[in-house]
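Asks: A predicted structure for the sequence below; I have some questions about it.
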2 protein chains.
Amino acid sequence: MPRQVDHNQRRRQIAEAVWRLATRGGLEDVTLRQVAAEAKVSARLLQYYFGTRDQLLLGALEILNADAEQRARERLAALGQTPSMQALVRGVLLELLPLDEERRNRHLVYIAYFIPFLVDPALAKVAREAPHALEDLVAGLIMQGQELGEVSRDIDAAAEAAFLVAGAEGIQTTVLLGQRTPEDAVALIDHQLTRIFTATPRN
Amino acid sequence: MPRQVDHNQRRRQIAEAVWRLATRGGLEDVTLRQVAAEAKVSARLLQYYFGTRDQLLLGALEILNADAEQRARERLAALGQTPSMQALVRGVLLELLPLDEERRNRHLVYIAYFIPFLVDPALAKVAREAPHALEDLVAGLIMQGQELGEVSRDIDAAAEAAFLVAGAEGIQTTVLLGQRTPEDAVALIDHQLTRIFTATPRN
DNA sequence: GGTGTTATGGTTCGATCGCACCACAAAACG
DNA sequence: CGTTTTGTGGTGCGATCGAACCATAACACC
């Protein structure tokens, strides 16, 4: 029956099984047999599409990252043509929070991968760039806010951006553990945002 | 040769082996045989002192938590008899940062345990209390700072405390990944502290 | 319509896993 | 001094792991 199948779709189907297992029981539960059963394919297919187990884990992560990036872009685009800098920063930070099943699972997968990130050089390279890019993005938005008069000149954009991103990441953890509701998490973010974005746009 | 051995020391010796393996390769590398080899005891001893593998993981975590608590108390006591509220909050937050090998490894162990925390009810109970207690502690210190005039009355103590703890936790992650130096991490914390603790003590 | 390539299922192997079980040495106790 | 308790090593079992291997059905191409 072959040759009419969409390889990307197959890889995605398998990758999603990896995510589900990783969020459910950590990386140690991501065995070839379990993935095969979860994805409802034969174990042989995993080898065919990804090769070894390490390559499977890496491949599944890359697909996840590509997904996350696209979804973030979509959500930011949904803010409209001329959003305020505050709304943009808010959108970026909220992307880090486990506000829906998709984002929750994504962060669980990242946590499951964390230790390998520190050890395996191949994985480390994948992780190195993203977070710093986020900080720079937020810092740039705050500085634009200063240009537009939405943010006081007294604010240290870089320092505040770094702490905002770090804070969102930390809050994410508490939400995952059930120590805080998503609503409280958003409220904490907004509390900091209203502190930083005090001035009214000069326009 | 038995009966003159210190059980607590033996358990600690084994627990330390668990930590080392967990920080090195995640929980999936913490097998009974590996732990036995790392702790330089026979595999049989693990069963004798901890029982099943799950109990071993849980026991090792409890020892780690007890350690962390005692070390934190020591470090806070080292601040002197009448430290300022700002210094106390700083001490608490810095405890969350991987500033030395001990704290770095401790946080790596926590990350390795994170997924099981969400799944296994026995582990979940252990984790549930600690972080919230930290937030309450910091919030209390900030409110004391308001009483003493170190902190403006306009500050929302609870919200700031939550964001400080979350921020410290998020910064910890970036330091572990090598994206930020420990010095930068401390500087970010201090930047927020000097914002909150503006007023001079009324004496 | 053969022929080669692509996609898939099934099976097997050696290693390793958690854990139960057995043997025994040293101390404690009567 | 004998017996019980406590601490330790070794070994074996059933299950499962990752990965290699074999077979073959469906399509592409000529």
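Replies: Done, it's in.

Asks: Okay, buried residues for the helix or strand bottoming out on mean pLDDT in chain A please.
Replies: Counting by mean pLDDT, DSSP states H and E, chain A has its least confident helix or strand at helix A:121-148, which shows a mean of 84. Within helix A:121-148, the residues that count as buried by 16 or more other Cβ atoms under 10 Å in any protein chain shown are A:123, A:127, A:131, A:134-135, A:138-143, A:145-146. Glycine gets a C-beta too; all of them are placed from N, C-alpha and C.

Asks: Which neighbouring elements make contact with it?
Replies: When contacts are defined as 3 or more Cβ pairs under 8 Å, 6 or more residues apart in numbering or on different chains; DSSP states H and E, helix A:121-148 packs onto helix A:53-77, helix A:85-94, helix A:101-119, helix A:157-176.

Asks: quick one: contacts of the first one?
Replies: Outside helix A:53-77, the residues that touch it by Cβ atoms under 8 Å, 6 or more residues apart in numbering or on different chains are A:11-12, A:14-15, A:18-19, A:27, A:30-32, A:35, A:46, A:50, A:88, A:91-92, A:95, A:102, A:106, A:109, A:113, A:116, A:120, A:122-123, A:126, A:130.

Asks: now the angle between helix A:53-77 and the least confident helix or strand of chain A, please.
Replies: Interaxial angle, helix A:121-148 versus helix A:53-77 (axes from the mean of the first three to the mean of the last three Cα atoms, to 10 degrees): 10 degrees.

Asks: check whether helix A:121-148 contacts DNA strand D.
Replies: No. Using Cβ under 7 Å from any atom of the strand, helix A:121-148 stays clear of DNA strand D, with a minimum separation of 13.6 Å.

Asks: Tell me what angle that helix forms with helix A:157-176.
Replies: Using the same axes, to 10 degrees: helix A:121-148 against helix A:157-176 is 120 degrees.

Asks: what angle do helix A:121-148 and helix A:85-94 make?
Replies: Using the same axes, to 10 degrees: helix A:121-148 against helix A:85-94 is 160 degrees.

Asks: ok, now which ones touch residue A:12?
Replies: With Cβ under 8 Å, 6+ apart, residue A:12 has these contacts: residue A:63.

Asks: typo on my end, it should be residue A:47
Replies: residue A:32.

Asks: Figure out the helix or strand that it lives in.
Replies: helix A:43-50 (DSSP states H and E).

Asks: Repeat that for residue A:153.
Replies: Applying DSSP H and E, one finds residue A:153 in no helix or strand.

Asks: Could you pull up the residues touching the closest residue to it other than its chain neighbours?
Replies: If the residues on either side of it in the chain are set aside, residue A:153 comes closest to residue A:146, at 5.9 Å by Cβ to Cβ, 6 or more residues apart in numbering or on different chains. Applying Cβ under 8 Å, 6+ apart to residue A:146 gives the contacts A:152, A:153, A:155, A:157.

Asks: For the first one, give me the backbone phi and psi.
Replies: Read it as residue A:152. Backbone torsions of residue A:152, given as degrees, to the nearest 10, read phi -60, psi 150.

Asks: Just the mean pLDDT for stretch A:16-23, thanks.
Replies: Regarding stretch A:16-23, the rounded mean pLDDT is 95.

Asks: how about that stretch against DNA strand D, any contact?
Replies: No. Legend: contact between stretch A:16-23 and DNA strand D by Cβ under 7 Å from any atom of the strand is lacking; minimum distance shown is 10.1 Å.
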